[in-house]
Structure formats: C-alpha cells, structure tokens
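Peer 1: I need the structure of the sequence given here:
(one chain, ligands or ions: 2)
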Amino acid sequence: QKFVYDFTEGNKDLKDLLGGKGANLAEMTNLGLPVPPGFTITTEACKVYLASGHEPAALRDEVSAHLEALEAGMGKKLGQADDPLLVSVRSGAKFSMPGMMDTVLNIGLSDASVTGLAAQAGDERFAWDSYRRLIQMFGKTVLGVDGELFEEALDEAKRAKGVTTDIDLDAADLRRLVAEFKDIVSKETGRDFPQEPREQMDLAIRAVFESWNTERAKLYRRQERIPGDLGTAVNICSMVFGNLGPDSGTGVAFTRDPASGHQGVYGDYLQNAQGEDVVAGIRNTVPLADLERIDKASYDQLIQIMETLETHYKDLCDIEFTIERGKLWMLQTRVGKRTAGAAFRIATQLVDQGLIDEAEALQRVTGAQLAQLMFPRFDEKAKADLLGRGIAASPGAAVGKAVFDSYTAVKWSRSGEKVILIRRETNPDDLNGMIAAEGILTSRGGKTSHAAVVARGMGKTCVCGAEELEVDTKRRRMTAPGGVVIEEGDVVSIDGSTGKVYLGEVPVVPSPVVEYFEGRMHAGADDADELVQAVHRMMAYADRMRRLRVRANADNAEDAARARRFGAQGIGLCRTEHMFLGERREMVERLILADTDGEREEALGALLPLQKTDFVELFEAMDGLPVTVRLLDPPLHEFLPDITELSVRVALAEAREDANENDLRLLQAVHKLHEQNPMLGLRGVRLGLVIPGLFAMQVRAIAEAAAERRNAKGDPRAEIMIPLVGTVQELEIVREEADRVIAEVEAATGTELRLTIGTMIELPRAALTADQIAEAAEFFSFGTNDLTQTVWGFSRDDVEASFFTAYLEKGIFGVSPFETIDKDGVGSLVRSAVKAGRATRPDLKLGVCGEHGGDPESVHFFHEVGLDYVSCSPFRIPVARLEAGRAAA
Ligand code: PEP
Ligand code: MG
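Peer 2: Ligands and ions are numbered 1, 2, ... in the order given. Here you go, the predicted model:
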C-alpha cells in the first residue's frame, strides 16, 4: 500500500484518498499551473493512525523518500541552516471541514535557520516574522497551547511600542517576540519548542491526523452529515511567501460571483501578507480588481488561470494564491461554495455556455437549496431602522435577540429564544453558537471569512464585515454609527441578501420563487428576475427527466389548488379525520360514543352531507388528476375529551352536587375507550370494522361526490384508501362493503364511477404479507410515518422531545428516521413489499405518503425502489419534483 503521493502523481478524482485539497493540487500541477512542489499523505495513513494510535510502519520511509525528492528538486534541505527549505503542513479531508486543524506554515524554521532565511531573503524582519508565525501556529494547533497567550504577547509588543499593526514591528521587536513565544511554549507544555525540522514536520503530520477527531470536527461532521470514518489527508507543500515586501501578497478569488453567479473578477487581495491574514479577516483586503494596478503581469496570468480552471472543472472554482516577489503561485482550488440562488443561476449559465448538459445541471443544485430559496425575505416596503451595512455573505432574513458569544447563543436558543450571534469575527470555536443562531453578524472579514464560508455551508443567514458596527464582545454590546447601542437581548434583523442590519424586528414577505410557483410572477415576463428565470428552467429540466410522479398531501380545496399550482399531479393522501377538526370534532365524538343504532345512524347521517361537500370541492380542485381519499384514521385520544380534564370537571360538579347526566355518561365512555397506547389502538381500519356504518358512510360520500362531479361534466378520479391494515382479511371485509355501496350509488345515479380501492402499507405485518394484501388492493401507499414508528418501536409523538437529541449527539443516526427514510430497516421492508406486491399484481400502483415523500434523500430512495409517485405537503412539491429529476438524471 502506497501512503504518499507526489503532487505529480494524483488527480482530482482521487478525493477519497488524497482529500479535496490534495486531489486538486495534483490536478492543477498536471494542468501545468504554477503549484509549489509537494506531496500528500493519504487518508488511508490517517485511518491506520486513528485505529491503532501509530503511524503505519512504512510511512516514515515513504515520507523521507518524497522529502528527499522535494529537496533535490528545490536544491535545498528542509531547515538547512544557511538556506532552509520550508514547508506548510495542511489538513485536507474529502469534504472541506472548517472544524478541523487547517495549516501550519514555515515548518523547518529554527534558531539555526532563521538567520539563513534572513540572509537568503535579504530581509531580517521577514525571517523573524516567519519564525514567530511558526511558533504561534505550531504552539496552538500542534502543541495545544491556548492561542490567546500568543495574541496577548503580540498585542503587548505593539502597545509597548505604541503602534497598532503587525507591520510596524521591526526585526528586533519580532526577535524579542520569538523569545517570548518560545517561553510560552516551554511554560505551557513543559518542553522546548522543537528545533529539529523533521521532528517539527512529523509532529505536525500527527496533529493533522488527530484533528480529525476533535469535538469541533465531530460536531461539524454531524451537522453536515459527513461520515466519521473518512479520515483526512495531509499536504506537505514547499513554502512560497506573500510577505516578502510590496511586490508580494496573497489573495483569494472566485471564477465568478458566488452570490449571483455573474462572471467577472471576484476576490480579495492583501499586499505583503500570508494566507492566514486574508482568511482570518484580520487586515483589510483590497478588491481583486486592484491587483491589475499593483502587479499587472500576475493579474493577467491569474485571470488566464481562472479561465483554464473554470473550463476544466466546468464549474465555479475558488482559489487561493500567493505572489512572491512578482511570481504567481496557486495554493489551492476547489469547486467553490455558493449561495442557493447562485447555484441555480450558475447551473443554467453553464448550460448556456455549452459546458454542461441539462442532466449535469440538475446535479449542480439540491432540493435543500430550492427549499432555502422559498424562505420569506424582509418586506422592502416596511419601515425599518437601518443600523448599518455589511457584506451579504449568506442569504436569508433572520430576526433575533443579539448575543455576543457562542455559549449564550446556545443557552438562549435551548430555551426557545431566537438569537443573532454577533462577533467581531468568528473562528471554529464559534461553531456551536453559529448552529444555534438564526443568523450571524460580524464586523470584520470578507466573503471568504470563516463566518461567511461556514454560514453558507450551513444555509444560515450571515452578514459579515459590517465595519461601521463596533462590536464589543467583552461588554456584550454593539455600537452603530449614529451612536445607537445594541445590548445583549435587543432584537436585530439581518438581511443576508443585501448585507443590511436593522434595529428591531422587520416584517418578512414571501420569496419571489414562491411567488413564481404561486403563479403570481411569470418567468417569461420582462420583470422576472434572473433567479426566477433559472428556477423555472431547472424545474423544466427536472420535469423532463423524472420518472416519479409527485402528488400532494392535502385535505381541502385550498391546499389542493396550491398544490396544483406548485406542480402536483394529484393528491396522494387526503386525511379525512382532518376534515373533522374544529367544530366538527363533536360530531365524531358523538359517533364514537353512540350506544344505540339510532344514535349512531343519526351521527352518521349528520356527517354524510358535510363529507360529500368536502369531496366535491376537492375533486373539482383536482379535476382530471387522481385523489386518494383515506378513510377515517383518528387516534381516539385526538377526538375524545381529555380524560383528566373531564374527570376534574365531573369531580368538581359532584362536589357541588350538580353533576350533569351527560358528563357522567361521557366520562364513563371515555374511561371505557381510554388507551395506554392510542397510536397502537383503535385506529384506522380497526375503527371502521368496530363502528358499523362508518366506512360505508365515507365511501358513499366519496361515490356520491364523484357522481355529482361526473354529472357536472367533471373528471373526478377518486381512489379509496384503507389505513392501518395489518392483514388481508381486514381489507377484504372493508372492500366487500365498499363495493356494495359503490354499486348502489352507481345504480342510483346511473353513472360509472371507476373508483379504485387500495391500502396503506404502514405496519410491518402489512409489508411482510404484501403478496397477500395485493390480492385485495389496487394500489399501495407506504405510510412511512407509522411504518417508521412501528419498525423502530419509536413513538412518533414523543421521541423527538425525549431521547433523539442524545441519539443524534452520539451519532447513532445522523438524522431522525422520521425525517429521512431509514434505508436499511424501514427501507428494506418497503423494497421487499414493492417486489411482493408487484409479483401478485403486476399493475399495482405504488406510492408513498409519509413525511419522507418530500425529503430529498428519501425521494432518491423511492425512485430507486421503483415507486410510481411520492406525495408530500404542498410546499415541498417543488423540492420533490426537483429531487425526482435529479434522481433520474
Ligand atoms: C403515515 O403513517 O405515514 C401516514 C401518512 O399516515 P399518518 O401520518 O396520517 O398516520
Ligand atoms: Mg399512518
């Protein structure tokens, strides 16, 4: 097994092995771009280390061989006293992970080589500054020394000299600082800063391996659903210097605007600085376009390289580069993160440029991004108190109470408060707070600062670099230009699409994408903005591509109409019990509690006309499209008075000696019907079998409504669905009665109704006996809510509040199985039931109507197992359409 790859040996498809950074460095090297030479230690080596606590035996020799080759190529040795080769050691996992140790620069510097570097560079200040950076980074990330200690010493040095920036410290100051930094290391770690270059390198490599499992990294992975066993690669790269004077510098660039997708020159440049200075947002950068004035040759070359990269990767790339005394070096590239809106725009732009086809375009966006675009925005017409303005770093409209540290953000959000995390700048330690907050506001840093990059990754609203807002985290306050002071707990609103920050709560309005789906804005119209245009086109690609049909879960005409506007191809689940909420609840109560046939018939008689009217409206709204009506499935406790409340009321009345006969009867009945596990109780088909006439009444209402629509020249396509079936016998009994009622209505109205009858598959037994059940069902609809509940034995009403947080934290699952289908368990039952059902009845229609029907990952699964449709809530229909298209592309 080979553990080390030279940059000339890898390529961009080896991300599993070389990590994203290593694979792309190799790719750029092979493209002939100016990449400083180096090599990558594989993720496999990291895995061995993490499993055994030791580097693989062969690693040391392999590293030596590659280092020697590097030294030979560069004509100098690592840490050589008179002319040292210096290297950077950088982590680089398959997925970019801000929660991990990033970089140690200047490895190879020591008391011995610092003077050699000074002589070679002809710059003593530079050499001592490089050395102090090494001790600082190495001390913090490799040796675990509190970074604040170095920062304080640096601040103190500046204070003592009466200056404000690092640049103002001269060689002698920095040399003193190096001595101080070394003291800090000795005091904090009980050992001296290592002087041996190879030891520095080996310790840094090991620290990168170990950084895979820091709490921060683990938290980030759980958030982003990155598997915990991938490991990280380590990149060893020869150093080039952006801090060698005014003809040097460092920067970041995007091949197009990550917020709008527009082509142009986007990025930041910092003269006479090293990379970390830009990313940390510590000093103020200039726009990349200014580089043309500063160093035209490098600028032209960079623009050329950006074009090469974009054509090669066929996507937006982001880039880190350094200029050392007029020579341009590429330090990193990757397919760049982007906002949700830009993802849609860029995908269609690339299609127009002929770089990708429609199928590929669909892979460049996600349902989650579309969902994000459907969030509301701030109302532009509302009166709002502008506090200040920063950089629009991650879109959305967020309102919350100001908090100035992560701890408070987490604490307040746990107690149900919405918070905006306000910091001067964020670093990986702020991750918890960023997750807890509605939005993030910083006063420092650009579009590539930590806050911006991480927030975009999480889909969180973020405004960064709002320099005019003075953030004082110690005193927990922020001061706006007019002197307005925001204290902890004051409400602020931040707009991640414009960068504006407002005092108080600003009202929000629907997104243009929703307006478009609602039909209130037309993509063809002149005023349609680019985003709507792009969404419109991508939806068309998806609709052309997808095999799955998409239906809606809707119980009333209004939802049905919206669903239809959003592209629903029918209703997959009409929950009839939802038609009896509110004032109609008592009618159901009366039915359930009826003792005599007379009482029951009276209750049913009252329900029939209401049901029929509901169905007529629904069939009309969905004319020409299938409507699956599920017969009543109320967990009893939702339809009966609360037993405790009723008991208290009766007890009080008895004490006053005016107990009423009705309440006493009701209490008795409620006692009789009370269940310890109502979700496993008298529900669904069981209720229909126990209460004579109930299902017959519903079937009659459906049939009569369908007949009425037919007579009105409509095209009703009703499907009758029986819930919570566990055995085919239940279904047969209900079917027999339903067939009889339908025949009666057909005869009475003289119409042929063509109603179909099917069942939900939402109990393990139903799935396991799907071959038998298909004998009596014309369609199956998987009720994955109940199926998940019963397969796992998790109460769907309780778990989220009780132990799921602990399960998620322990990584037992990365996401709730009620949200994304559990493929291995619940999913395997779905898969086998599909097969068994179709074996019995080849034309069996198959769908899903649990919440999973609108979940992106689950939609891909349902596509793969061969369902005919998914059904989800109206607002998730566009997401389901898009994901169904992506699954098929
Ligand atoms: C289901 O169980 O997945 C389902 C759709 O039915 P309900 O959520 O109404 O129980
Ligand atoms: Mg159910």
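Peer 1: Surely Pro258 and Asp318 touch.
Peer 2: Yes - assessed by Cβ atoms under 8 Å, Pro258 is found in contact with Asp318 at 7.3 Å. Yep, even glycine has a C-beta here, placed from its N, CA and C like the rest.
Peer 1: shared neighbours, those two?
Peer 2: Shared contacts of Pro258 and Asp318, defined by Cβ atoms under 8 Å, 6 or more residues apart in numbering, comprise 336-337.
Peer 1: Am I right that Ile422 falls within a strand?
Peer 2: Yes - assessed with DSSP: H, G, I helix; E, B strand; the rest coil, Ile422 lies in a strand.
Peer 1: 45 is where my numbering starts, stick with that
Peer 2: Let's use 45 as the start, then, which means that last one is Ile466.
Peer 1: Do you know the pLDDT at it?
Peer 2: Ile466 is assigned 97 on the pLDDT scale.
Peer 1: could you measure it against Gln613, distance?
Peer 2: According to Cβ to Cβ, to the nearest Å, Ile466 and Gln613 sit 46 Å apart.
Peer 1: repeat for Arg250
Peer 2: 57 Å.
Peer 1: who's more crowded, those two?
Peer 2: More neighbours surround Gln613 than the other of Arg250 and Gln613, with 19 against 16 (other Cβ atoms under 10 Å).
Peer 1: mind listing the helices for the stretch 245-394 of the chain?
Peer 2: Secondary structure of the stretch 245-394 of the chain by DSSP state H, counting those that start in this stretch: the helices cover 259-268, 319-323, 335-338, 340-357, 384-396.
Peer 1: Contacts only, for the closest residue to Ala341 other than its chain neighbours.
Peer 2: Excluding the flanking residues, the one nearest Ala341 by Cβ to Cβ, 6 or more residues apart in numbering is Gly370, at 7.0 Å. Contact analysis of Gly370 by Cβ under 8 Å, 6+ apart lists 291-292, 339, 341-342.
Peer 1: And the residues you listed, which of them are buried?
Peer 2: 292, 339, 342 (16 or more other Cβ atoms under 10 Å).
Peer 1: these two touch, right, the first one and Gln318?
Peer 2: Spelled out, that is Ser292. No - taking contacts as Cβ under 8 Å, Ser292 lies outside contact range of Gln318: 9.3 Å.
Peer 1: where do the contact lists of these two overlap?
Peer 2: 285-286, 366.
Peer 1: Would you mind listing what in this protein touches ligand 1?
Peer 2: Taking Cβ under 6 Å from any ligand atom as the contact definition, the chain meets ligand 1 at 617, 619, 677, 806, 827-830, 893-894.
Peer 1: Of the residues you listed, which belong to strands?
Peer 2: Of the residues of the chain next to ligand 1, the ones assigned to strands by DSSP state E are 617, 619.
Peer 1: Distance to Lys184, pLDDT and neighbour count for the residues of the chain next to ligand 1 - can I get that in a markdown table?
Peer 2: Shown next, in a markdown table, are the residues of the chain next to ligand 1 (distance: Cβ to Cβ, whole Å; pLDDT from 0 to 100; neighbours: other Cβ atoms under 10 Å):
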| residue | distance to Lys184 | pLDDT | neighbour count |
| --- | --- | --- | --- |
| Leu617 | 55 | 96 | 26 |
| Arg619 | 56 | 92 | 18 |
| Asp677 | 59 | 91 | 22 |
| Glu806 | 54 | 97 | 26 |
| Gly827 | 53 | 97 | 29 |
| Thr828 | 47 | 96 | 29 |
| Asn829 | 48 | 93 | 15 |
| Asp830 | 52 | 95 | 24 |
| Cys893 | 53 | 96 | 28 |
| Gly894 | 48 | 92 | 29 |
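Peer 1: Which ones, among the residues of the chain next to ligand 1, also lie beside ligand 2?
Peer 2: 806, 827, 830 (Cβ under 5 Å from the ion).
Peer 1: What separation do you get for the second one and His622?
Peer 2: Applying Cβ to Cβ, one obtains 15 Å for the distance of Gly827 from His622.
Peer 1: Could you do the last one as well?
Peer 2: Between Asp830 and His622 the distance is 16 Å, computed by Cβ to Cβ.
Peer 1: got a pLDDT number for the closest residue to Asp334 other than its chain neighbours?
Peer 2: Leaving aside its sequence neighbours, Asp334 sits nearest to Tyr313 (Cβ to Cβ, 6+ apart; 6.5 Å). Note on Tyr313: pLDDT of 93.
Peer 1: what about Tyr313, distance to Ile338?
Peer 2: 7 Å.
Peer 1: what's the answer for Gly191, then?
Peer 2: Applying Cβ to Cβ, one obtains 31 Å for the distance of Gly191 from Ile338.
Peer 1: repeat for Glu796
Peer 2: Taking Cβ to Cβ, one finds Glu796 at 81 Å from Ile338.
Peer 1: Check Leu717 too.
Peer 2: 81 Å.
Peer 1: Leu430 too?
Peer 2: As judged by Cβ to Cβ, Leu430 and Ile338 stand 34 Å apart.
Peer 1: Let me know the secondary structure of Asp841.
Peer 2: Here Asp841 takes the coil state, with states given by three-state DSSP.
Peer 1: now it: how far from ligand 1?
Peer 2: The gap separating Asp841 from ligand 1 is 11 Å, by Cβ to the nearest ligand atom, to the nearest Å.
Peer 1: Leaving out the residues flanking it, which one is nearest to that residue?
Peer 2: Closest to Asp841 by Cβ to Cβ, 6+ apart is Met723, at 7.0 Å.
Peer 1: Wait, a helix at that neighbour?
Peer 2: Yes - assessed with three-state DSSP, Met723 lies in a helix.
Peer 1: Surely it and Phe838 touch.
Peer 2: No - using Cβ under 8 Å, Met723 is not in contact with Phe838, being 10.5 Å away.
Peer 1: who has more neighbours, the two?
Peer 2: Taking other Cβ under 10 Å, Met723 and Phe838 do not tie; Phe838 has more neighbours (19 against 16).
Peer 1: if you average pLDDT over whatever helix or strand Glu195 lives in, what comes out?
Peer 2: Assigning secondary structure by DSSP states H and E places Glu195 in helix 191-205. Averaged over helix 191-205, pLDDT sits at 92.
Peer 1: go on, stretch 337-353?
Peer 2: For stretch 337-353, mean pLDDT rounds to 96.
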